[in-house]
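Engineer: have a look; sequence and predicted model below, questions after that.
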Amino acid sequence: ELPPPTSHLPPCYFSIRKYSRSDSIYREIHRDTMEANPHALDTAQDPNEVFEIMEPPPNNFDPYVDAPVSTGTFTSRGVCHEQGLWHCSVHIWIVDTASSSILLQKRSMKKDTFPGRWDISSAGHVEKGKSLLETAQCELAEELGITVDTGDLKFAFIIPAEQTPLGGCNAFEHVYFLHGNSETSLSLGVEEVSGVSWVLASKLLAALAKGDDNYAPRTEQYCRAMRSFLEKMLNSH
């Protein structure tokens, strides 16, 4: 199990101190200062934000070749999620290759999908008028206080994930990886994120593969593609 995150704190900077166990690596969160993340949102989500609606994916969708096809229509987040319409999201996994660990965030209990579960380092929906990379930059800043150049984000694959029946949404998940340092201080957007923790990549992959309810679910196709990319990323270190 992951250590319990610090939660229900006012906006502040967090430092991350390493401690170890025989079979894993964790980070414990500590509050350092009361200075807020200047990029943080003041709500967990906006039901009125507008998404571009995509055609449902074909059964033979290739995560390395294919791309979502727009319907040319737009609708609000609330309607999109309620009706299970397909749209786009961005996922960013932050990886410390030196320790083979990945940063996880714990979703705020205010989130409308998978509240209180451990999830991707940073993620968000692609709003009308924003590109994928602009969305990735915004989410990293809003949720973790991290600013990056778009060139630092390594695109890996796209997974169509039908998760409305599971309490999520139906999205084409555009997945990126980012090199990180587990000793770096973070500034959380506490409306969206209640805590963070580093965990060994092998532990995370095992938890996702078995459908551990402590984590937001990922499809089998997603887990296979993620494992493949991570093995290359960690082996090249």
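Structural biologist: Nice, I can see it. Values in this document were obtained by computation on a predicted structure and should not be read as measured data.

Engineer: next up, the contacts around the nearest residue to residue 80 once chain neighbours are set aside.
Structural biologist: Excluding its sequence neighbours, the residue lying closest to residue 80 (C-beta to C-beta, 6 or more residues apart in numbering) is residue 51, at 5.1 Å. Using the backbone N, CA and C atoms, a C-beta is placed for each residue, glycine as well. Residues counted as contacts of residue 51 (C-beta atoms under 8 Å, 6 or more residues apart in numbering) are 74, 75, 76, 77, 80, 85, 87, 88, 125, 126, 127, 128.

Engineer: doesn't residue 51 fall inside a strand?
Structural biologist: Yes: assignment of residue 51 by DSSP: H, G, I helix; E, B strand; the rest coil places it within a strand.

Engineer: thinking again about what came up before, make CSV out of the contacts of residue 51 and add neighbour count.
Structural biologist: Output for those, formatted as CSV (neighbours: other C-beta atoms under 10 Å):
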residue, neighbour count
74, 15
75, 18
76, 14
77, 19
80, 24
85, 19
87, 23
88, 22
125, 21
126, 21
127, 18
128, 10
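
Engineer: among these, which lie within helices?
Structural biologist: Taking DSSP state H as the definition of helices, the contacts of residue 51 contribute 77, 80.

Engineer: what's the closest of the contacts of residue 51 to residue 106?
Structural biologist: Among the contacts of residue 51, residue 125 lies closest to residue 106 (C-beta to C-beta), at 19.1 Å.
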